[in-house]
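1. fold the following.
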Amino acid sequence: MAGQARIMGATLLGIEGVPIEVEVRISSQLPRIDIVGLPEAAVRESAARVRAAIQAIGLPFPDQRVTVNLAPAALRKQGAGLDLAIAVGVLAAAGHLPAAGVEQVGLVGELALDGRVRGVRGALVLASCLAEARCARVIVPEGNAAEASLLGERAPEIVGALGPLVEALTTERRLGVASETRATVATTHHPNLADVRGQAAAKRALLIAAAGGHGLLLRGAPGAGKTLLARCLPGILPPLAPEEALEVARIHDSVGLAVARCEGLVRPFRAPHHSASQAGLLGGGRAVGPGEVTLAHRGVLFLDELVEFQRGTLESLRQVLEEGRVVLSRAEQRVTLPARFQLIAAANPCPCGWWQSGVRDCRCDDNALARYARRLSGPLLDRIDMHVHVRPVPFLDLDGPAMGDTSEEVRERVIGIRALQSDRLAALGIPPGGRGNAALPFENLTETTRTTRPALRVLARAVDRLALSARAAHRLLRVARTIADLEGEAEVTPGCVAEAVGLRPRQD
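-> Next comes the predicted model:
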């Protein structure tokens, strides 16, 4: 006897969830199950999982033709998260569940052969999109309870097996709700700034970078402390605000990284290896997913051994640094991924690493130095606000006691400075979103930064002497504004500009 049912599921597109209408029809034809609507391999294989799971809970699988349509048909579906919706649709079409009662139910979950419901990647995003699609009930696996609890009042119900779900849908009984959790994400340990010996100039640059959200390139000999300094940065940045924490959680959950309630935690810190491909850095793949720049959204992207990255991979960052997003265009889809991060990079000054180190003599000739310098393009370097030379610290100084402010003390200072900058951005109608002076628009930048006429004359001389581009000049002015904020100056003075100029190299 023919029967049909309709229920809601969801699939991932990039880092966003897309509601999927699962239509099931049972007809009097030879036994077979067809899944149509551009399913990928994992979705097609759900036929075997659904059959076994239904039989495992003691219900018969229809001995007729079962057709499952996943709409919209033009969108490619991926992952095993549609298993649960397909299984409930089959049971409703076969008469084991009230078909009218499941139409407004949204389901996410992978089925085991014994009827257990396994957690899936991106459950937070998928549950959120189903709630926005006005599903009366949204149900996700117990294994995704921590992520689902981040939705607060919209937290979905959770289920651990197909049997209890069938019983609850039959009796219209509510399942348990994902309760709020305060469990935190296991985060990478970040060194304390007070443990960095010497390097006063580099630590000052790191403070400016943290206070204004500026990019920073650290050049220096091997072992000078470039990586250590970079890894200190997340510990002195302002903590994630609640809305930022949810945004970061959604991104990380879409790739299967552990998430939990994380406002107040340090910002993301991503440090891809220099062998990373362009797709690994920007995102992509057959099923388009986020890359390292998106995983670093609202946090720090650290590129160690910058010169060793593939030239094309680095050049692909130029537009991302300007726009704060990645647009991936494919024949079948176009996905936009957020990528508003703070770039910190480290590099040796020459092939042997000892140029101007004061420790060893450099073995590189002029041609080798020129070839090495050309591996980083001018337009890319132009987009990095500050360039600092890090010199090796004498061994006796390394063995001394910790000196200077701790990361916690510096962080409190940075939080205060960022609050001032947030007010400045708000006055311009720009949502702060955890960004500092680096987000100031170039329109009327002189008035926005309140730069004095003497300071502008210093800037003009520096632009001519160092052969800086207009982009570099604007970035220099934003850095000068951050220095003025740190010094408590209402206006950008010549001294602020002079210090900022010292952090820009000549563009040859």
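2. report the contact partners of the closest residue to G284 other than its chain neighbours.
-> Leaving aside its sequence neighbours, G284 sits nearest to L328 (C-beta to C-beta, 6 or more residues apart in numbering; 5.7 Å). Glycine gets a C-beta too; all of them are placed from N, C-alpha and C. Going by C-beta atoms under 8 Å, 6 or more residues apart in numbering, L328 touches G14, L282, G283, G284, V288, R334, V335, T336, L337.
3. hmm, try it at 10 Å
-> Residues counted as contacts of L328 (C-beta atoms under 10 Å, 6 or more residues apart in numbering) are 14, 279, 282-285, 288-291, 334-337.
4. with F302 instead?
-> 216, 218, 227, 230-231, 233-234, 269-272, 292, 296, 341-346.
5. looks to me like it is in a strand.
-> Yes. Per DSSP: H, G, I helix; E, B strand; the rest coil, F302 lies within a strand segment.
6. which strand residues bridge it?
-> For F302, the beta-bridge partners are I344 (DSSP bridges).
7. how far away is it from V248?
-> For F302, the distance to V248 (C-beta to C-beta, to the nearest Å) stands at 17 Å.
8. the helix or strand of the chain with the lowest mean pLDDT: what's the following helix or strand?
-> Least confident element among the helices and strands of the chain, by mean pLDDT, DSSP states H and E: helix 395-398 (a mean of 69). Using DSSP states H and E, the helix or strand that follows helix 395-398 in sequence is helix 407-427.
9. that next one: what's the following helix or strand?
-> helix 445-449.
10. in strands, which of the contacts of F302 appear?
-> In strands, judged by DSSP state E, the following of the contacts of F302 are found: L216, L218, F269, R270, Q342, L343, I344, A345, A346.
11. which two among those are spaced furthest apart?
-> The largest separation in these, counting by C-beta to C-beta, is between L218 and R270 at 16.9 Å.
12. those two: which has the busier surroundings?
-> Higher neighbour count among L218 and R270: L218, with 27 against 19, using other C-beta atoms under 10 Å.
13. pLDDT at that one, what is it?
-> Per-residue pLDDT puts L218 at 94.
14. that one pairs with what?
-> A346, V388.
15. quick check, it in contact with A202.
-> Yes. Taking contacts as C-beta atoms under 10 Å, L218 lies within contact range of A202: 6.6 Å.
16. quickly list what's touching both of those two.
-> In contact with both L218 and A202: A224, G225, K226, L228, L229, A230, V388, H389, V390, using C-beta under 10 Å, 6+ apart.
17. my guess is the second one contacts V196. True?
-> Yes. A contact is recorded between G225 and V196 when judged using C-beta under 10 Å, the distance being 6.3 Å.
18. common neighbours of these two, please.
-> A202, K203, C232, V393.
19. these in strands, which ones?
-> Going by DSSP E, the strands hold none of those.
20. so which of those residues sit within helices?
-> A202, K203, C232 (DSSP state H).
21. mind putting these into TSV with neighbour count, distance to V22 and pLDDT?
-> Formatted as TSV, those follow (neighbours: other C-beta atoms under 10 Å; distance: C-beta to C-beta, whole Å; pLDDT from 0 to 100):
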residue	neighbour count	distance to V22	pLDDT
A202	23	56	91
K203	21	57	92
C232	22	49	93
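22. okay if I get those residues as a markdown table plus distance to G160?
-> Below are these laid out as a markdown table (distance: C-beta to C-beta, whole Å):
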| residue | distance to G160 |
| --- | --- |
| A202 | 52 |
| K203 | 51 |
| C232 | 43 |
